[in-house]
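Peer 1: here is a sequence together with a model predicted from it:
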Amino acid sequence: MTVSLRQLEYFITVVDEGSFTRAAEVLGMSQPGLSHQIQALERELGGPLLERLPRQVRLTPAGRTALPHARASLAHAQRASSAARRASGVETGELHVGTLYSISTGVLPGALRTWRRSYPELQVHLVEFPHTNELIAAMEAGAADVAVGPTPPDWDGPCRTIGVEEFVIAAAPDALPYPDGAQVPMVELARQEWVHYTARSGLSDILNDACGQAGFSPRLSVRTEQSASALSLARAGIGLALLPGNIVPPHFDGTLLRPDPPVLRPLSVYTRVRPDPITAAFVSAISVETLVTPTHITDRLGPPTQ
């Protein structure tokens, strides 16, 4: 079987554009030429991938099965080309870093600042996701060169632990009968309302697990997908928020508490294969520079409880 990456690109473009006419315009080729290439791909794969309708195209069952593999193959090829250029000493282009929304807010800025001092011409493209499972799937599909996130179970490639992310409880000033910096049993917060997260966010699982271990389900006040929004909502008195301590800025003037038992999330940096020299430099930078629990949080709450 001979399937070219160019044919996969043609197939993906037709799907994304919704028609052969628009896809041909995007690709800068004739519509008959594009149709010929898709037909050749369908012959190689053993059946039709697209149903030609009067004003649009629709994926066949075979097409729906083939599409994610086509996207993954194209992404792998692009990442391999980029890695080869970097390994050859070409220090321009992009490094694609997969991560979670909360980590791109709290953990990455310092490490990226350090790393870019050595590679100022190399751009960074953050590929961000709300849930750990989406991040792992994207890495497996070749959507990024390196990932920074919760330690993935049973990862086959290189993986280095960079620290443990501590979660804190944020609230409006004087919203709770506890002094700022206190360690509070989760069970004592069962009657409180919480800023919850959308089901799509992995932070939703963390809040549900923390409350569930204390024997209650969190009472919902509002849902958000972003931990930064949860912090603002908690400061405004909308409800309590459980969130990574590293996203809390030094000037936060609300109440911060440490949950008991502690809520911790191990973080790692990982790749699919042995990283090229520039990607390895990024791994080293984030391993050295990452401060998972920042000093202004430990000043308020004391050293993290393991």
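Peer 2: Happy to help now that I have it. Numbers count the residues shown, from 1 in each chain.

Peer 1: state the mean pLDDT of the helix or strand harbouring residue 212.
Peer 2: According to DSSP states H and E, residue 212 maps onto helix 202-213. Mean pLDDT, helix 202-213: 96.

Peer 1: kindly report the same for stretch 151-163.
Peer 2: Averaged across stretch 151-163, the pLDDT comes to 89.

Peer 1: same check on stretch 218-238?
Peer 2: Across stretch 218-238, the average pLDDT comes to 95.

Peer 1: what do you get for stretch 174-188?
Peer 2: pLDDT averaged over stretch 174-188 gives 93.

Peer 1: one more: stretch 283-299?
Peer 2: For stretch 283-299, mean pLDDT is 74.

Peer 1: so residue 216 touches residue 190, yeah?
Peer 2: Yes. Using C-beta atoms under 8 Å, residue 216 and residue 190 qualify as a contacting pair, with a distance of 4.0 Å. C-beta: built from backbone N, CA, C; applies to glycine.

Peer 1: please enumerate the shared neighbours of these two.
Peer 2: Common contacts of residue 216 and residue 190 (C-beta atoms under 8 Å, 6 or more residues apart in numbering): none found.

Peer 1: and stretch 247-255, how far out from the chain's middle?
Peer 2: Put simply, stretch 247-255 sits 24 Å off its chain's centre (C-alpha atoms, centre = their mean, to the nearest Å).

Peer 1: same question for stretch 133-149.
Peer 2: Remark: stretch 133-149 is offset 8 Å from the chain centroid, using C-alpha atoms, centre = their mean.

Peer 1: ditto for stretch 10-17
Peer 2: Worked out by C-alpha atoms, centre = their mean, stretch 10-17 lies 25 Å from the chain centre.

Peer 1: with adjacent residues omitted, what lies nearest to residue 239?
Peer 2: residue 221 (3.5 Å; C-beta to C-beta, 6 or more residues apart in numbering).

Peer 1: give me the secondary structure label for the one you found.
Peer 2: Classification of residue 221 using DSSP: H, G, I helix; E, B strand; the rest coil returns strand.

Peer 1: OK, contacts around it?
Peer 2: By C-beta under 8 Å, 6+ apart, the residues touching residue 221 are 193, 194, 195, 196, 233, 238, 239.

Peer 1: what about the strands in the stretch 101-250 of the chain?
Peer 2: Secondary structure of the stretch 101-250 of the chain, counting by DSSP state E, counting those that start in this stretch: strands at 122-129, 146-150, 159-171, 183-185, 193-197, 219-224, 241-244.

Peer 1: run the angle between the third one and helix 202-213 for me.
Peer 2: To tie it back to what came earlier, the one meant is strand 159-171. With axes from the mean of the first three to the mean of the last three C-alpha atoms, to 10 degrees defining the directions, strand 159-171 sits at 70 degrees from helix 202-213.

Peer 1: can you list the strands that strand 159-171 pairs with?
Peer 2: Using DSSP bridges, strand 159-171 pairs in its sheet with strand 241-244 (antiparallel), strand 255-260 (antiparallel), strand 264-270 (antiparallel).

Peer 1: count the residues that sit near residue 255.
Peer 2: Neighbour count of residue 255, defined by other C-beta atoms under 10 Å: 22.

Peer 1: ok, it - contacts?
Peer 2: If you count contacts by C-beta under 8 Å, 6+ apart, residue 255 has them with 170, 171, 172, 173, 174, 175, 176, 178, 180.

Peer 1: same check on residue 139?
Peer 2: 98, 147, 152, 270, 272.
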